[in-house]
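Novice: next one to model:
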Amino acid sequence: MSLLLLVVSALHILILILLFVATLDKSWWTLPGKESLNLWYDCTWNNDTKTWACSNVSDNGWLKAVQVLMVLSLILCCLSFILFMFQLYTMRRGGLFYATGLCQLCTSVAVFSGALIYAIHAKEIVVKHPRGGSFGYCFALAWVAFPLALVSGIVYIHLRKRE
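Specialist: Numbers count the residues shown, from 1 in each chain. Reported below is the predicted structural model:
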């Protein structure tokens, strides 16, 4: 049982790390050269001064929705980990981790929705930056975090506390 708890906790921490990096790092869309776009700033490399020039992203409604969903997924994932630790030490023997599993399933839905909205509206980025580009590693990390959070939520729902 202790090995299972260790694996579940490690999976949860891995999901938290993936979500933090995906939400806060600067590579949701990679442009040719060193330029990249993230959820918060549009950063371009200035060759003359050898510095980054960053500006706030536009006020697109869809980008605000992605920001909200990714932050919500972080909050839900942290909440579910806190709930798991609380239930682990206070729940009586034989209890199920329904609340933790439900929070983790909501995390996976939020990540899925945010990444899907970003993927659908990527053509707007290409119109604004005609030089092309591709999805960055933060976008890929969000898609990796989605199935891991889904599996984690299902495991929590079926996990029963034993002595």
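Novice: so where does R92 fall, helix or strand?
Specialist: If you go by DSSP states H and E, R92 is not part of any helix or strand.
Novice: I'd like to know how many residues surround it.
Specialist: Per other CB atoms under 10 Å, the neighbour tally for R92 reads 6. Every residue, glycine included, has its C-beta placed from N, CA and C.
Novice: likewise the one 10 residues further on?
Specialist: A count of nearby residues for L102, using other CB under 10 Å, gives 16.
Novice: wait, it sits on A149?
Specialist: No - contact criterion CB atoms under 8 Å: L102 and A149 do not qualify, at 12.0 Å.
Novice: ok, now how distant is V126 from G132?
Specialist: Separation of V126 from G132 (CB to CB, to the nearest Å): 7 Å.
Novice: so between those two, which is more surrounded?
Specialist: Neighbour tally, V126 and G132, criterion other CB under 10 Å: the higher count belongs to V126, 12 against 9.
Novice: and the residue of the chain most remote from its centre, helix, strand or coil?
Specialist: The outermost residue of the chain relative to its centre, with distances by CA atoms, centre = their mean, is D48 at 35.0 Å. Following DSSP: H, G, I helix; E, B strand; the rest coil, D48 is assigned to coil.
Novice: other SSEs contacting the host helix or strand of M85?
Specialist: Taking DSSP H and E as the definition, M85 sits inside helix 61-90. Applying 3 or more CB pairs under 8 Å, 6 or more residues apart in numbering; DSSP states H and E, one finds that helix 61-90 contacts helix 2-24, helix 98-120, helix 137-158.
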